[in-house]
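Enquirer: Sharing a model that was predicted from the sequence below.
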Amino acid sequence: MPLVSTVIVTGASSGVGLYATKSLIARGWHVVMACRDLAKASRAAESLELPAEQYTLSHLDLGVQASVRAFVADFLASGRELNALVNNAAVYKPRLTEPARSIEGYEMSVATNHLGHFLLSRLLMDTLQQTKSARVITLGTVTANAEEFGGKVPIPAPADLGELEGLEKGFRAPIAMIDGKPFKPGKAYKDSKLCNMIISRELHRRFHDRTGIVFNTLYPGCVADTALFRDTPAAFQRIFPWFQKNITKGYVTQELSGDRVAQVVADDAFAQSGVHWSWGNRQNGRAAFAQPLTAKAQQVTRAARLWTLSEQMVGLPPSE
Ligand code: NAP
C-alpha cells in the first residue's frame, strides 16, 4: 500500500481548490490538480511554492464530456491509487443574457458544475472502491440550501429544480433551466449547486454501504474574494467582501476555506458519510457541524430521477 495518499482536486488553479491543494500537500498528500488551464494552474502552484513532487497537473475541462473521459483515462493509466476526489470547480456567470452552452448543447453552469462532476465521480467509482474508506467531497453552498437564510434570498430566485421539466425535455436549446422556466443565470448556478448536494446524497445512498466510500458535501464559508465572482459588477466585487467581513462577519479567507476542504478530505473527525459539513455563516472560530439540507435535496424520488436523467445526458448506461 502506498505511503502517500492521492487526491484529485478539480479547479485547483484558483481560490478554494488551490488552497485545498496547499493544505492537503501540507498534510503529506499527493494532489492531482485537475484544471482546464494548465499554464494558469502551474503559475498558481509556483506562486504558493508548492513542492513539485507533491502535485501533478492534469488537464480537465468539466464542460466537455470527452475531456472528462480523457482525464479519467489518463489518471487510470498513471497506475496511482485514488484515496479521494474533490468536486470543487465551478462557473458562475450571473450577467449572461443568453445561456452559454457546452459542446453537448447544455446550459454551461449545469453542464460544468453538475454534469461534469457527475460523470467524473461515476467514472472514478471503481478506482475509488479499491481504496479503503476513500472519500468523495463535493463543494455545496449556502445559497442552494433553503434550510439557511442565504438559501432563501430571492435574488434572482432561490434554487429550485421544479419537477425537472427542462431535463425531461432534453435540456437543449431553447431550454436552459432545469425546471424548464425562462433563463436566470444566477439561479442556474444555484440549481447546479443544489444538484451537487443531491447527487452526493444519492451517491451515498447507492454506494456507501456496498463500497465503504464516504460521500460528503461542505459549505466552506463565504470566500467573498475568489475569482468565482469575476463576472459580477465591479461595484459588487468591491462591496461584497467588505459586507461579509464587516456586517455579516461570514467572510472566510481562501486559505481557511481550503483548509476546511482538506479537513473534510483527510481528518478522522469527518469519516461519517452522507453529511453536509458547515462552520456556519456568521462567526469564525466555530467548530464544524452537520448542517441540515433543504427538503429539496432529500426528495428521494426526484433525486433518483435526476440521477437517471443525468446518466442519459452524459451517455452512461442506466443504473440498475
Ligand atoms: P474560483 O476561484 O473561481 O475557482 C473555480 C475553479 O473552477 C477555477 O480553478 C476554475 O478554473 C475552475 N473551473 C471553472 N470551469 C471549469 C471547467 N469547465 N473545467 C475545469 N475547471 C473549471 O471559485 P471558488 O470560490 O474557489 O469556488 C470553488 C468552489 O467553492 C465552487 O464549487 C463554489 O461553488 C464553491 N463555493 C464557493 C464559495 C465562495 O464564497 N467563493 C462559497 C460556497 C461554495 P479557471 O482558473 O481556469 O477559471
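Expert: Here it is on my side, so go on. Residues are numbered from 1 along each chain as shown.
Enquirer: Show me what counts as buried in stretch 123-136.
Expert: Neighbour-count burial for stretch 123-136 flags 123-125, 127-128, 131, 134-136 (criterion: 16 or more other Cβ atoms under 10 Å). Glycine gets a C-beta too; all of them are placed from N, C-alpha and C.
Enquirer: All the strands of the stretch 1-150 of the chain, residue numbers only.
Expert: 6-10, 30-35, 55-59, 84-87, 135-139 (DSSP state E, counting those that start in this stretch).
Enquirer: how much space between Lys38 and Leu60?
Expert: Quick fix: residue 38 is Leu, not Lys. Using Cβ to Cβ, to the nearest Å, Leu38 is found at 10 Å from Leu60.
Enquirer: Sorry, slip of the keys, the one I care about is Arg43.
Expert: For Arg43, the distance to Leu60 - Cβ to Cβ - is 17 Å.
Enquirer: Between these two, which has more neighbouring residues?
Expert: Ranked by neighbour count (other Cβ atoms under 10 Å), Arg43 and Leu60 place Leu60 first, with 25 against 11.
Enquirer: Now do the contacts for the more buried one.
Expert: Contacts for Leu60 (Cβ atoms under 8 Å, 6 or more residues apart in numbering) come out as 10, 34-36, 67-68, 71, 89, 120.
Enquirer: Now with 6 Å, please.
Expert: When contacts are counted by Cβ atoms under 6 Å, 6 or more residues apart in numbering, Leu60 touches 34, 71.
Enquirer: Give the rounded mean pLDDT of stretch 296-316.
Expert: Stretch 296-316 comes out with an average pLDDT of 94.
Enquirer: which parts of that stretch are buried?
Expert: For stretch 296-316, by 16+ other Cβ under 10 Å, it's 296-297, 302-303, 305-307, 309-311, 313-314.
Enquirer: Now tabulate those residues in JSON lines and tack on secondary structure.
Expert: Output for the buried residues of stretch 296-316, formatted as JSON lines (DSSP: H, G, I helix; E, B strand; the rest coil):
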{"residue": "Lys296", "secondary structure": "helix"}
{"residue": "Ala297", "secondary structure": "helix"}
{"residue": "Arg302", "secondary structure": "helix"}
{"residue": "Ala303", "secondary structure": "helix"}
{"residue": "Arg305", "secondary structure": "helix"}
{"residue": "Leu306", "secondary structure": "helix"}
{"residue": "Trp307", "secondary structure": "helix"}
{"residue": "Leu309", "secondary structure": "helix"}
{"residue": "Ser310", "secondary structure": "helix"}
{"residue": "Glu311", "secondary structure": "helix"}
{"residue": "Met313", "secondary structure": "helix"}
{"residue": "Val314", "secondary structure": "helix"}
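Enquirer: what about the helices in the stretch 101-250 of the chain?
Expert: Secondary structure of the stretch 101-250 of the chain, counting by DSSP state H, counting those that start in this stretch: helices at 108-109, 117-128, 165-168, 185-211, 234-243.
Enquirer: Check which helices and strands the shortest one is in contact with.
Expert: What that stands for is helix 108-109. Contact partners of helix 108-109 among helices and strands, from 3 or more Cβ pairs under 6 Å, 6 or more residues apart in numbering; DSSP states H and E: helix 185-211.
Enquirer: helices or strands next to the helix it packs on in the packing?
Expert: Here helix 185-211 touches helix 108-109, strand 214-219, helix 300-314, going by 3+ Cβ pairs under 6 Å, 6+ apart.
Enquirer: Which among these is found nearest to Gly170?
Expert: Nearest of the helices and strands packed on helix 185-211 to Gly170, taken as Cβ to Cβ: helix 300-314 at 8.4 Å.
Enquirer: got the contact list for that closest one?
Expert: Residues outside helix 300-314 that contact it (Cβ under 6 Å, 6+ apart): 65, 115, 118-119, 164, 167, 198, 202, 318.
Enquirer: buried subset of the residues you listed?
Expert: The neighbour-count criterion (16+ other Cβ under 10 Å) marks 65, 115, 118-119, 164, 167, 198, 202 among those as buried.
Enquirer: check contacts around Glu148.
Expert: Val142.
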